[in-house]
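*Asks:* Next input, structure requested:
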Amino acid sequence: MTVVRSTLPDEASRVAGKALQDTLVDLLGLSLIGKQAHWNVVGPRFRSVHLQLDEVVSTARTQADTVAERAATLGVPPDGRPETVAKVFALPVPEEGLLRDADVVRLMADALGAAIVRLRERVDATEKADPVTQDLLISVTAELEKQRWMFEAESTPAGA
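*Replies:* Numbering: from 1, shown residues only. Sure, this is the predicted structure:
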C-alpha cells in the first residue's frame with residue numbers, strides 16, 4: 001500500500017488532521033440532522049424551512065467532501081463511517097417524529113451555532129500548524145454562519 005506523506009512536520013500534521021476530522025464529523029452530522037428535520041418538519045412555515053434545510057444539507061455535504069479531501073491530501077485518512085459519526089457527534093439533534101417548524105428553526109440555529117464555536121476553536125488551533133487548513137476552516141465557518149443567519153432571521157420577530 002502506498003502512503004500519502006504530509007509535507008507538514010508531524011505535530012502540525014497531527015493538529016491539522018484532528019481539526020479536519022472533527023470538522024468532518026460535525027459536517028456529516030449536520031447533514032444528517034438537516035435531512036431528519038427536512039423529512040419531519042410541519043407547520044405554517046413548512047415550505048420555507050423545508051427548502052432552507054436542503055440548503056444546509058447541500059452546504060454540509062459539499063464542505064464535508066472538501067474537508068475530507070484536505071485531510072487525505074495531508075496523509076490523514078478521513079473517517080466518515082456511520083459508527084465514527086455516531087460515537088463522537090456532539091451537536092444538538094432533533095427529537096424523533098414530527099417537528100414543529102419553529103422548533104426546527106431553533107434547533108438548526110443552535111446546532112449551527114455550536115458547530116461554528118467548535119470551528120472557531122479549530123481555526124485558532126491551526127493558525128501556526130497549517131495556514132492552508134486554517135483557511136479552509138475559515139471558509140467552512142463563513143458558510144455555516146450564513147446558514148445560521150438565515151435560521152436566526154426566521155426565528156426573530158419583526159421589530160425585535
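*Asks:* When you work out contacts or count neighbours from here on, use the C-alpha atoms and nothing else.
*Replies:* Will do.
*Asks:* and Gln63, which of the three is it?
*Replies:* Recorded secondary structure, Gln63: helix (DSSP: H, G, I helix; E, B strand; the rest coil).
*Asks:* Go through the chain and flag its longest helix.
*Replies:* helix 10-40 (DSSP state H).
*Asks:* what is the mean pLDDT for that one?
*Replies:* Helix 10-40 carries an average pLDDT of 97.
*Asks:* How about stretch 143-150?
*Replies:* 97.
*Asks:* Kindly report the same for stretch 115-124.
*Replies:* Across stretch 115-124, pLDDT averages out at 98.
*Asks:* quick revisit: from the chain's centroid, how far away is the longest helix of the chain?
*Replies:* Helix 10-40 sits 5 Å away from the centroid of its parent chain (C-alpha atoms, centre = their mean, to the nearest Å).
*Asks:* what about the helices in the chain?
*Replies:* 10-40, 46-73, 82-88, 101-129, 131-155.
*Asks:* Which positions in the longest helix of the chain come out as buried?
*Replies:* The neighbour-count check on helix 10-40 (16 or more other C-alpha atoms under 10 Å) flags 12-13, 15-38, 40 as buried.
*Asks:* name the helices or strands packed onto it?
*Replies:* Applying 3 or more C-alpha pairs under 8 Å, 6 or more residues apart in numbering; DSSP states H and E, we find helix 10-40 packed against helix 46-73, helix 82-88, helix 101-129.
*Asks:* can you list contacts of the second one?
*Replies:* Right, the one you point to is helix 82-88. Helix 82-88 is contacted from outside by 25, 28-29, using C-alpha atoms under 8 Å, 6 or more residues apart in numbering.
*Asks:* C-alpha coordinates for stretch 65-72, CSV please?
*Replies:* The C-alpha trace of stretch 65-72 is given here as CSV (Å, rounded to 0.1, in the frame of the first residue of the first chain):
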residue,chain,number,x,y,z
ASP,A,65,-16.1,16.4,0.9
THR,A,66,-13.7,19.4,0.8
VAL,A,67,-12.6,18.8,4.4
ALA,A,68,-12.1,15.1,3.8
GLU,A,69,-10.1,15.6,0.7
ARG,A,70,-7.8,18.1,2.6
ALA,A,71,-7.2,15.5,5.3
ALA,A,72,-6.4,12.9,2.6
